[in-house]
Every structure is written in C-alpha cells, then in structure tokens.
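Enquirer: quick one: sequence plus predicted model below, questions after.
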Amino acid sequence: MRVKICGITKPDQGRAIAELGATSLGFICVPVSPRYVSADQIRQVVEQLPLNPQTGHLVDRIGVFANATLAEISQVVAIAGLNAVQLHGAETPEFCAQVRETLPDTEVIKALRIKTAAALQEAAAYYSHVHTLLLDAYHPGMLGGTGVTLDWQSLQQFAPACPWFLAGGLNPDNIIQALAQLQPDGIDLSSGVERSPGDKDLAQVAQLFHQLQQTQKIGVS
Ligand SMILES: O=C(O)c1ccccc1N[C@@H]1O[C@H](COP(=O)(O)O)[C@@H](O)[C@H]1O
C-alpha cells in the first residue's frame, strides 16, 4: 500500500519521512494554503531525498494543485522535480486528460471532495483520464488539509476502475479503524501528523508506521 505524507515544507523532515517508509511526499502548490511551498522550495526538499536502497529510486514527489493552469502546473513539475500531480480543485475530466497528455511521465491524481455518497458517482467520469483517484472529505471553507474524516462505511462499495488513495483526517489513532473498513491502494495524511501547518511531527509519522505494521500482523490489509 502506498503511504503519502502531505504538506512537506522542510528538507530535513522530507528526508526523515522518506527514511521512515513513506512511498510519497506531497507538496502544497496552492498559494492560499498555510502549507504552500514554491517550486524552488520543493526542489530544495527533493535534492535532499535519499534513494530507496531496494529500488534505487526516489519516493514519489506529488505536487498538489487546485484550479491551476496547465502552464503553471508544467512549470512547477519541471522546476521542482515532481513525478506526480494531485488536482484538488474543480478540474474537469477533460482538463485531467490535457495534463496527462502534456506531461506523459507524470502520474495524474484527481482528488474528489466527497460531500455526499452521491458525489462518488462523479468518479467514473475520470477513470480513463487519470492514473489514480483520491477521496478527501468536503469542508465548505477549505480545499484540503482539513482534518475532517470521510464516512468510511459509506465508501465500502467504492470500487473504481483505477487505483485510489483514501485521505481526510487520517492519523495514527484512526488508521487501523479506517483500514479495517476499506482497502484503498494508498493512504494520504497531512494534518493528522503535524504540529502546525507544514511542520510535520516525526514522532507521529513513526507512530503511523508502527500502527501499519500492527495492521499487517493482524491481517487487516
Ligand atoms: O493541506 C492543504 O493545505 C491543502 C490545500 C489545498 C488543497 C489540498 C490540501 N491538502 C490535501 O488535503 C488532504 C488531506 O488532508 P488532512 O489529512 O485531512 O489534513 C490531502 O490529500 C492533502 O493533499
């Protein structure tokens, strides 16, 4: 299972979180967010990342955008050294397809903010235009990083035709409960493992991986 820790702003924390076992680091490229980082700041984090000793590769570097233009996204991907983009605004399937065509080496992840169970119907329109979906909780005043959880039970029938991440209010204390109900391809945590926006709590990240190991031991995958 992929484990994405989002809202990285500091090179030493990015490196430590990769070493703890994260498969993906997320960088908020949304200027109104308190976790916003510029392309140059992301580059500085990426330059400090270790290669995975098993694969010889870096962890995934995911830029989170909301309603950015194709030109803005392309520029940040190139400067920052990203290999994935997460589109967290009102991007249409057609826009996602354009991003995929323009950036063929970049994973395109569409985030859907789920207000009601009916909002899940939206997902199907994206299947053939993105590599991956991500489900986040809806908040009327914030785009993301809200700490609000989804109603996991209502997602039990969600079986998209592409891989998906579960996001929204996940933390070391509730991750086992979430994974007992759902089998996403990845999980995504931000505010649940931080001291303040953009300042990650390495002890909580370590606790998350400890919990995930317990989950494997008790057979909840
Ligand atoms: O974190 C932000 O500030 C943010 C801003 C704009 C769009 C998305 C943002 N974060 C995303 O929110 C989810 C989950 O956050 P949390 O675990 O509930 O705090 C995650 O996908 C982030 O990429």
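Expert: Looks like it arrived, so ask away.

Enquirer: show me where pLDDT drops low in this structure?
Expert: Scanning the chain for pLDDT under 70 picks out 217-221.

Enquirer: which bits of it sit near the ligand?
Expert: 6-7, 26, 28, 30, 33, 35, 64, 66, 86, 88, 111, 134, 136, 143-147, 167-170, 188-192 (Cβ under 6 Å from any ligand atom). (Glycine included, C-beta is placed from N, CA and C.)

Enquirer: now, these that are in strands?
Expert: 6, 26, 28, 64, 86, 111, 134, 136, 188-189 (DSSP state E).

Enquirer: got the contact list for the residue lying closest to residue 16 once chain neighbours are set aside?
Expert: Leaving aside its chain neighbours, residue 16 sits nearest to residue 202 (5.5 Å; criterion: Cβ to Cβ, 6 or more residues apart in numbering). Residue 202 makes contacts with 13, 16-17, 20, as judged by Cβ atoms under 8 Å, 6 or more residues apart in numbering.

Enquirer: what subset of those residues is buried?
Expert: Those of the contacts of residue 202 that meet the buried threshold are 13, 16-17, by 16 or more other Cβ atoms under 10 Å.

Enquirer: want to throw the residues you listed into JSON lines with secondary structure and distance to residue 157?
Expert: JSON lines is the format used below for these (DSSP: H, G, I helix; E, B strand; the rest coil; distance: Cβ to Cβ, whole Å):
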{"residue": "13", "secondary structure": "helix", "distance to residue 157": "37"}
{"residue": "16", "secondary structure": "helix", "distance to residue 157": "38"}
{"residue": "17", "secondary structure": "helix", "distance to residue 157": "33"}
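
Enquirer: excluding chain neighbours, what is closest to the residue most central in space within the chain?
Expert: The residue lying closest to the centre of the chain (Cα atoms, centre = their mean) is residue 188, at 4.7 Å. In space, and not counting its chain neighbours, residue 188 is closest to residue 167: 3.8 Å by Cβ to Cβ, 6+ apart.

Enquirer: again with residue 152
Expert: Closest to residue 152 by Cβ to Cβ, 6+ apart is residue 181, at 4.4 Å.

Enquirer: for that neighbour, the count of nearby residues, please.
Expert: If you count neighbours by other Cβ atoms under 10 Å, residue 181 ends up with 14.

Enquirer: any idea how far residue 112 is from it?
Expert: Distance, residue 181 to residue 112, using Cβ to Cβ, to the nearest Å: 18 Å.

Enquirer: could you do residue 211 as well?
Expert: 26 Å.

Enquirer: and if you look at residue 99?
Expert: 16 Å.

Enquirer: residue 48 too?
Expert: 32 Å.

Enquirer: then residue 141?
Expert: Distance, residue 141 to residue 112, by Cβ to Cβ: 18 Å.

Enquirer: comparing those two, which residue is more hemmed in?
Expert: residue 112 (20 against 5).
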